[in-house]
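In: Let me see the structure of the following:
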Amino acid sequence: MKMQNNLLLNFRKRKNLVAGFCLLALLFAVLAVLEAVLPRTSILFTVLKKGAIYSLVAVSMNLLNGFTGLFSLGQAGFMLLGAYTYGIFTIPVEARAQVYQYFDGGLVQFTLPVALALVLAGIVAAVFAWLIGLPVLHLKSDYLAIATLGFAEIVRAIFQWDKIGALTNGSNLLRKYPVFQSCLFYFFVSALCIAVIMLLINSTYGRAFKAVRDDEIAAEAMGINLAKTKQLSFVISSFFAGISGALLAMFQTTIQASQFKSALTYEILLIVVIGGMGSVTGSCISSFLFIACSEWWLRFLDRTFMIGSFTVPLLRPGFRKVVFSIAIMAIVLFYQRGIMGENEFSIGGIVNFFKRLNGRNPKNTKSDGQLDPSEAR
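Out: Presented below is the predicted three-dimensional model:
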């Protein structure tokens, strides 16, 4: 019976994996059709590209906060490092005199390929995370959050300092680096990175992260090195945050340190909480919902609307943010564990969802396709 249960579990995991790849292929096909039909200026593409970028940084933050249990607020700082690394090393040599016009053409006088610059953006963020993590990861809870938030603010201030303007261009914009207009590029890079994170979560390293999150004393008693495990999670999370910063630089077409304020970290944290701490699927879904609501669906609330000579009250610039905040509060109140909780996408979960809508009571199953212990007899 045990062998039969193991075979059933393996079959369900393979089925979910195949279904995931099929849905991903279908998504790319739909994106290709949309890009061929709709104009590039459509707000839909803005939402899709920014949603893909925020999905990656939200999943990277969830790896640290949700799966390892480390409350870090330094994501904006690592995104800044990745964005500047990409911009500095991809500006064409012939354009550097124009970009670094106040700093004699800048310090760097060579150009790297885009793919190499993306990887380098992640590496630079990871190196800084390793250096910062040595003293900071000994702190816990709110103290760790304050320390990492302070790091992000210090990095932002330093990158605006004119004394190192030959490298960062000071408080001036970085521009004229390669950008991509296609949604397919952003989705491909984000999907590839998220797939790597999911493989990591489902490996022995991922199980060590979860053990540290659940009980540090028990994890250490089982032979897990707490310091190395926390450091590894912090570095990997920062690596992918750096890549997402590079993607954000492409999306915005210009880079300035003032864009990476602490509010950016709070937005990412909010996305993680709404999606579910410990759910990759939840972070991806909430990222697109967050961007769609803030950038598209609620825009009409900022426009004055008149019925004849009567002006509809409250509809004015800024009212969109009020409604958006109320909606977020409602989600947090009624979905305290987030949209997905700690669950992930599975075929069985979708089937059970529709069965519940039809009033049927499906057998208890776990989100990863495993049978509930009470059913495994």
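In: just for the stretch 251-377 of the chain, where's the confidence low?
Out: The model of the stretch 251-377 of the chain has pLDDT under 70 over residues 308, 346-377.
In: all strands of it, in order?
Out: 306-307, 310-311 (DSSP state E, counting those that start in this stretch).
In: now the one helix or strand A211 maps to, how far from the centre of its chain.
Out: For A211, the host element (DSSP states H and E) is helix 204-214. With C-alpha atoms, centre = their mean, to the nearest Å as the basis, helix 204-214 stands 20 Å off its chain's centre.
In: what sits up against that helix?
Out: The contact list for helix 204-214, computed with C-beta atoms under 8 Å, 6 or more residues apart in numbering, reads 63, 66-69, 200-201, 218-219, 222, 224, 226, 229-230, 232-233. For every residue, glycine as well, the C-beta is placed using N, CA and C.
In: What are the buried residues along that helix?
Out: Neighbour-count burial for helix 204-214 flags 206, 208-213 (criterion: 16 or more other C-beta atoms under 10 Å).
In: Columns pLDDT and distance to F290 on top of those residues, output as CSV?
Out: Listed next are the buried residues of helix 204-214 as CSV, based on pLDDT from 0 to 100; distance: C-beta to C-beta, whole Å:
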residue, pLDDT, distance to F290
G206, 92, 25
A208, 94, 30
F209, 94, 25
K210, 93, 26
A211, 94, 30
V212, 93, 28
R213, 91, 24
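In: Can you tell me which of those is nearest S325?
Out: Nearest to S325, judged by C-beta to C-beta, of these is R213 at 29.3 Å.
In: Kindly compare burial across the strands of the stretch 251-377 of the chain and name the winner.
Out: Highest mean neighbour count among the strands of the stretch 251-377 of the chain (mean count of other C-beta atoms under 10 Å): strand 310-311, with a mean of 10.
In: give the contact list for A147.
Out: A147 neighbours (C-beta under 8 Å, 6+ apart): 136, 139.
In: Local confidence estimate at it?
Out: pLDDT recorded at A147 is 92.
In: State the distance spanning the first to the last residue of stretch 162-169.
Out: Start-to-end span of stretch 162-169 (C-alpha to C-alpha, to the nearest Å) is 7 Å.
In: If you count neighbours, what's buried in it?
Out: Neighbour-count burial for stretch 162-169, counted by 16+ other C-beta under 10 Å, picks out 165-166, 168-169.
In: Between those residues, which sits nearest I274?
Out: T168 (33.5 Å).
In: my guess is K176 contacts V93, does it?
Out: No. Under the criterion of C-beta atoms under 8 Å, K176 is not in contact with V93, lying 10.9 Å apart.
In: Who has more neighbours out of these two?
Out: K176 (17 against 12; other C-beta atoms under 10 Å).
In: sec struct for that one, please.
Out: What DSSP: H, G, I helix; E, B strand; the rest coil gives for K176 is coil.
In: Now it. Nearest residue, chain neighbours left out?
Out: Leaving aside its chain neighbours, K176 sits nearest to A95 (4.3 Å; criterion: C-beta to C-beta, 6 or more residues apart in numbering).
In: what is the orientation angle of the helix or strand where Q231 lies with helix 204-214?
Out: Here Q231 sits within helix 226-252, counting by DSSP H and E. Counting by axes from the mean of the first three to the mean of the last three C-alpha atoms, to 10 degrees, helix 226-252 lies at 110 degrees to helix 204-214.
In: same for helix 226-252, what does it pack against?
Out: Applying 3 or more C-beta pairs under 8 Å, 6 or more residues apart in numbering; DSSP states H and E, we find helix 226-252 packed against helix 43-65, helix 75-90, helix 114-136, helix 183-201, helix 204-214, helix 216-221.
In: Can I get the third one in PDB, CA atoms only?
Out: Read that as helix 114-136. Extracted C-alpha coordinates of helix 114-136, given in PDB (Å, rounded to 0.1, in the frame of the first residue of the first chain):
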ATOM      1  CA  VAL A 114      23.000  42.300 -22.000                       C
ATOM      2  CA  ALA A 115      22.900  38.700 -20.700                       C
ATOM      3  CA  LEU A 116      26.200  39.000 -19.000                       C
ATOM      4  CA  ALA A 117      25.200  42.400 -17.500                       C
ATOM      5  CA  LEU A 118      22.000  40.800 -16.100                       C
ATOM      6  CA  VAL A 119      24.000  38.100 -14.300                       C
ATOM      7  CA  LEU A 120      26.600  40.600 -13.100                       C
ATOM      8  CA  ALA A 121      23.700  42.700 -11.700                       C
ATOM      9  CA  GLY A 122      22.700  39.700  -9.600                       C
ATOM     10  CA  ILE A 123      26.200  38.900  -8.500                       C
ATOM     11  CA  VAL A 124      26.900  42.500  -7.300                       C
ATOM     12  CA  ALA A 125      23.800  42.400  -5.200                       C
ATOM     13  CA  ALA A 126      24.700  39.000  -3.900                       C
ATOM     14  CA  VAL A 127      28.200  40.200  -2.900                       C
ATOM     15  CA  PHE A 128      26.800  43.100  -1.000                       C
ATOM     16  CA  ALA A 129      24.300  40.800   0.600                       C
ATOM     17  CA  TRP A 130      27.100  38.500   1.800                       C
ATOM     18  CA  LEU A 131      29.100  41.400   3.300                       C
ATOM     19  CA  ILE A 132      26.000  42.900   5.000                       C
ATOM     20  CA  GLY A 133      24.800  39.500   6.100                       C
ATOM     21  CA  LEU A 134      27.900  38.800   8.200                       C
ATOM     22  CA  PRO A 135      27.000  41.200  11.000                       C
ATOM     23  CA  VAL A 136      23.300  41.800  10.300                       C
END
